[in-house]
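1. need a structure here:
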Amino acid sequence: MIHEFVRLVKLILAFFFSFSISVYRLVFIILLVCRTRVIGFELKGFNKMEREAVMQRKKSSCYLCLKGNWFTEKEVCIVCDAKYCSNCVLRAMGSMPEGRKCVTCTGFRVDDSKRGTLGKCSRMLKRMLTEMEVKQIMRSELSCNANQLIPERVFVNGELLSQKQLLIVRSCPNPPKKLNPGYYWYDKVSGYWGKIGQRPCQIITPHLRVGGQLMRNASNGNTSVLINNREITKRELCMFQLSGMQCEGQPSFWLSADGSYQEEGMKYIKGCIWDKSRIKLFCSLLSLPTPPDSVNGVNCCEKKILCKLLLLGEQNSGTSTIYKQAKLLFKVPFSEDERRNIKFTILRNLYRYIGILLEGRERFEEESLSGKGKRQVIDEPGSSGQIDDKTMYTLSPRLKAFSDRLLKVMASNLEAIFPYGTSEYAPFIEELWRDPSFQSTYNRRNELDSLPRVASYFLERVVVISQPDYEPSDMDILYAEGITSTNGLSCMEYSFPESTQNSSIDSSNQNDPLVRYQLIRVDPKCLVENYEWLEMFEDVDLVLFCVSLTCYDEFFEDSRGFLTNKMLASKQLFENIVIHPTFDLKNFLLILNKYNMLEEKIEQVPLTECDWFCDFNPVINMSLAQYASHYVALKFKTLFNSLTGCELFVSIVNALEPETVDEALRYAPVACALIN
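-> Predicted structure coming up:
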């Protein structure tokens, strides 16, 4: 501080010798500068009486020449509030590298009460300077670092803004008009913005990742009506009632940026407050904000918006089926290479299913022969005749030779018969399927644990699939398992078509032609082998995590050779992804898949087979599968909240049913908006 004072004295002395001013004025300038520097450093160098004594004789005069009166036009320093007449302003402010500041105030913060005048030139400067000089000074006044608002003095929803968050607020398409130090509340879903304890004053760009959670009493409302978890004021209640919103009782609504609203917990739009032109008139009468034109789609920038969704999950959780279902739903065609790969995958799977059945046939035949031998020994204890080696599972010599050859090929390399060997095997496959012994084995397929459920679909179409000119149908593609891209990454872009339902999930953004969605699927094997894959997806907007509802009693052998419960493996993968730095503050939607299979399975196998669900005890009057799915959803929601402090949204689907997948994908952008 002493060195600063010495530097200022030297500067003032140089000023004194240059302009030959009187000693009296020199003393006054020193006092004025000391006062300015003290204010700049926020030190208490002078008390109130001393400051008033210094300023007493010049309240209406120029601070430099001490001339003029109340009617003399003056330019005001935006830091210390010093006023200069037209004769002294250039001497006192110099070239104004930071705008209208005294030379000694350069580098100091702007007085917050004068932030509203930044960039607004006075008539006096316009007369004194050229238009180009005025523009340069105003541009410097607005852009220089010293004049910028300090983020440490701006609070949004109770949280202090960082420099990055302040930049986000000020550079958004519709920023707050008068952003001064203080406490503000911000509704991230609808875009409403206001000072703490006051009604909204503006609608800014929604979904900005700034501030904390919106508090119920943010605007000091007392109407018992909640909009996006904020109790609204009486003026807002009057406006919403005029728009047709039913506000009787103590309702809670979700309001989107486009004005569409729905009751909390429901997926169906009840109306839009901005549909009626009179509402904007009422808002102006009630001193309430209205959305800018860019929100309503008027004069908006024709720029495509890409919303990225990342689909993840454990193996056999259904991510592949959901991805394929999405391609069919939104008419995204498969490429020629993809269709060729799908065809070979289906054929390879078909031969694998047949091989499993042939191995089961041998086992059933041995069991049947063993049982027949025991019965013959009991019936004819003294007989030494040969046991009949034919059973209902015995193949003809021709098919037995084919069976042995196929099993031998499968044991060595099944890929060897693709694609050229399929035409050679096709006649045998058709004959094998029609054989009674093979059908007897197929009827006992539930006893073969290694045979997947989807095998029945393809085995019953074996005659069609084994033909040389076979081309997979849409259902074949959906049911096919093991379809992956060569690099483990699949990606598609789509947009939502117009919904045919009268009332549906909020489709305001979905049906926007400027908004497109990108669905990215990562093969589960890539996640298990290397989590560095996740760093590629730092710009995704929403993570869709898929969990199979039927895997609670299933186990697999992990890389260490230990048996691991599949549901617990999904839980661990979910935790690893949520806490990964790449997905910090990202939005998540949990997809619980295979609900239809859960309805069958849970009647036979209790949910408590999984240690994580040991406290499952259904006591309410609803279906067991429905209660179980809600219970699993709650377990994941609780886990997610403990890791992030945020809410997890859930959608229950059957991946083979297009309606449920369509609903989940339509709900994804809505969940993203609600979380933001």
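
2. Tell me the spacing between Leu66 and Tyr627.
-> Taking CB to CB, to the nearest Å as the measure, Leu66 falls 85 Å from Tyr627. C-beta: built from backbone N, CA, C; applies to glycine.

3. same question but for Ala655, I mixed them up
-> On the measure of CB to CB, Ala655 and Tyr627 end up 22 Å apart.

4. Which residue of the two possesses the greater neighbour count?
-> Legend: neighbour count by other CB atoms under 10 Å for Ala655 and Tyr627, higher for Ala655 (26 against 18).

5. Now the phi/psi pair for Cys272, please.
-> phi -140, psi 130 (degrees, to the nearest 10).

6. Could you count how many residues lie near it?
-> Neighbour tally, Cys272, other CB under 10 Å: 17.

7. what is it paired to in the beta sheet?
-> Cys272 forms beta bridges with Ser260, as assigned by DSSP bridges.

8. My guess is it contacts Ala257. True?
-> No: contact between Cys272 and Ala257 fails when scored by CB atoms under 8 Å: they sit 11.2 Å apart.

9. mind listing what's buried in stretch 254-265?
-> 254-262 (16 or more other CB atoms under 10 Å).

10. go on, stretch 617-630?
-> Here stretch 617-630 shows 625, 627-630 as buried, counting by 16+ other CB under 10 Å.

11. any chance of those residues in a markdown table, plus secondary structure, distance to Val454 and pLDDT?
-> What follows is the buried residues of stretch 617-630, written out as a markdown table (DSSP: H, G, I helix; E, B strand; the rest coil; distance: CB to CB, whole Å; pLDDT from 0 to 100):
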| residue | secondary structure | distance to Val454 | pLDDT |
| --- | --- | --- | --- |
| Ala625 | helix | 20 | 91 |
| Tyr627 | helix | 27 | 91 |
| Ala628 | helix | 23 | 94 |
| Ser629 | helix | 22 | 93 |
| His630 | helix | 27 | 93 |
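
12. Just the closest of those residues to Ile429, please.
-> Nearest to Ile429 among those is Ala625, at 37.2 Å by CB to CB.

13. where exactly do the helices run in the stretch 151-300 of the chain?
-> Ranges of helices within the stretch 151-300 of the chain are 163-171, 234-242, 278-285, 293-296, based on DSSP state H, counting those that start in this stretch.

14. I'd like those laid out as TSV, including mean pLDDT.
-> Below are the helices of the stretch 151-300 of the chain laid out as TSV (pLDDT from 0 to 100):
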stretch	mean pLDDT
helix 163-171	80
helix 234-242	89
helix 278-285	84
helix 293-296	52
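
15. ok, which stretches of the stretch 201-350 of the chain are strands?
-> 202-203, 226-227, 230-231, 252-255, 260-263, 271-272, 305-313 (DSSP state E, counting those that start in this stretch).

16. wait, I meant the stretch 451-600 of the chain
-> Under DSSP E, counting those that start in this stretch, the stretch 451-600 of the chain gives strands at 489-494, 515-522, 542-548, 555-557, 563-565, 587-593.

17. With respect to Met124, which of the buried residues of stretch 617-630 is nearest?
-> For the buried residues of stretch 617-630, the minimum distance to Met124 (CB to CB) is 70.9 Å, reached by His630.

18. Roughly how far does that closest one sit from Val650?
-> Applying CB to CB to His630 and Val650 gives a distance of 9 Å.

19. which neighbours do the two share?
-> Residues touching both His630 and Val650 by CB atoms under 8 Å, 6 or more residues apart in numbering: none at all.

20. ok so, going back, for the buried residues of stretch 617-630, which one is nearest Tyr442?
-> Tyr442 lies nearest to Ala625 out of the buried residues of stretch 617-630, by CB to CB, at 28.2 Å.

21. Just give the closest residue to the closest one, not the sequence neighbours.
-> Closest residue in space to Ala625, ignoring its immediate chain neighbours: Glu599 at 4.1 Å, by CB to CB, 6 or more residues apart in numbering.

22. residues near the one you found, how many?
-> Glu599 is flanked by 18 other residues according to other CB under 10 Å.

23. can you put the strands of the stretch 201-350 of the chain in a markdown table and add distance to Thr391 and mean pLDDT?
-> Shown next, in a markdown table, are those (distance: least, CB to CB, whole Å; pLDDT from 0 to 100):
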| stretch | distance to Thr391 | mean pLDDT |
| --- | --- | --- |
| strand 202-203 | 79 | 92 |
| strand 226-227 | 72 | 91 |
| strand 230-231 | 75 | 92 |
| strand 252-255 | 66 | 88 |
| strand 260-263 | 64 | 86 |
| strand 271-272 | 70 | 86 |
| strand 305-313 | 43 | 89 |
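
24. Please convert those strands to JSON lines, extending it with distance to Thr638.
-> Below are the strands of the stretch 201-350 of the chain laid out as JSON lines (distance: least, CB to CB, whole Å):
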{"stretch": "strand 202-203", "distance to Thr638": "35"}
{"stretch": "strand 226-227", "distance to Thr638": "23"}
{"stretch": "strand 230-231", "distance to Thr638": "25"}
{"stretch": "strand 252-255", "distance to Thr638": "22"}
{"stretch": "strand 260-263", "distance to Thr638": "24"}
{"stretch": "strand 271-272", "distance to Thr638": "34"}
{"stretch": "strand 305-313", "distance to Thr638": "19"}
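
25. Which of those sits closest to Asp435?
-> Taking CB to CB, strand 305-313 is the member of the strands of the stretch 201-350 of the chain nearest to Asp435, at 39.1 Å.

26. what helices or strands is that closest one leaning on?
-> Judged by 3 or more CB pairs under 8 Å, 6 or more residues apart in numbering; DSSP states H and E, strand 305-313 is in contact with helix 319-329, strand 515-522, helix 524-529, strand 542-548, helix 566-578, helix 658-675.

27. how many other residues sit next to Gly244?
-> 14.

28. ok, so what distance separates it from Glu263?
-> In terms of CB to CB, Gly244 sits 14 Å off from Glu263.

29. and what of Asp611?
-> On the measure of CB to CB, Asp611 and Glu263 end up 38 Å apart.

30. again, but for Asp662
-> Distance of Asp662 to Glu263, computed by CB to CB: 22 Å.

31. what does Glu535 give?
-> Using CB to CB, one gets 40 Å for the distance from Glu535 to Glu263.

32. now Thr564
-> Distance of Thr564 to Glu263, given as CB to CB: 42 Å.

33. Also Leu357?
-> Distance from Leu357 to Glu263, by CB to CB: 53 Å.

34. Tally up the residues packed near Pro397, please.
-> By other CB under 10 Å, the residues close to Pro397 number 7.

35. Pick out the residue nearest the middle of this protein.
-> Closest to where the C-alpha atoms of the chain average out (CA atoms, centre = their mean) is Leu542, at 2.9 Å.

36. May I have the beta-bridge partners of it?
-> Bridge pairing for Leu542 - DSSP bridges - gives Leu309, Asn587.

37. Convert the C-alpha atoms of stretch 558-575 to CSV, please.
-> Provided in CSV are the C-alpha atoms of stretch 558-575 (Å, rounded to 0.1, in the frame of the first residue of the first chain):
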residue,chain,number,x,y,z
ASP,A,558,-15.8,-63.6,-14.4
SER,A,559,-12.2,-63.0,-15.6
ARG,A,560,-10.9,-64.3,-12.3
GLY,A,561,-12.8,-67.5,-12.6
PHE,A,562,-15.4,-66.7,-9.9
LEU,A,563,-19.1,-67.1,-10.3
THR,A,564,-20.8,-63.7,-10.2
ASN,A,565,-24.5,-62.9,-10.0
LYS,A,566,-25.5,-61.0,-13.1
MET,A,567,-27.7,-58.5,-11.3
LEU,A,568,-24.8,-57.6,-8.9
ALA,A,569,-22.5,-57.3,-12.0
SER,A,570,-25.0,-54.8,-13.5
LYS,A,571,-25.1,-52.9,-10.2
GLN,A,572,-21.3,-52.7,-10.1
LEU,A,573,-21.1,-51.6,-13.8
PHE,A,574,-23.8,-49.0,-13.0
GLU,A,575,-21.7,-47.6,-10.1
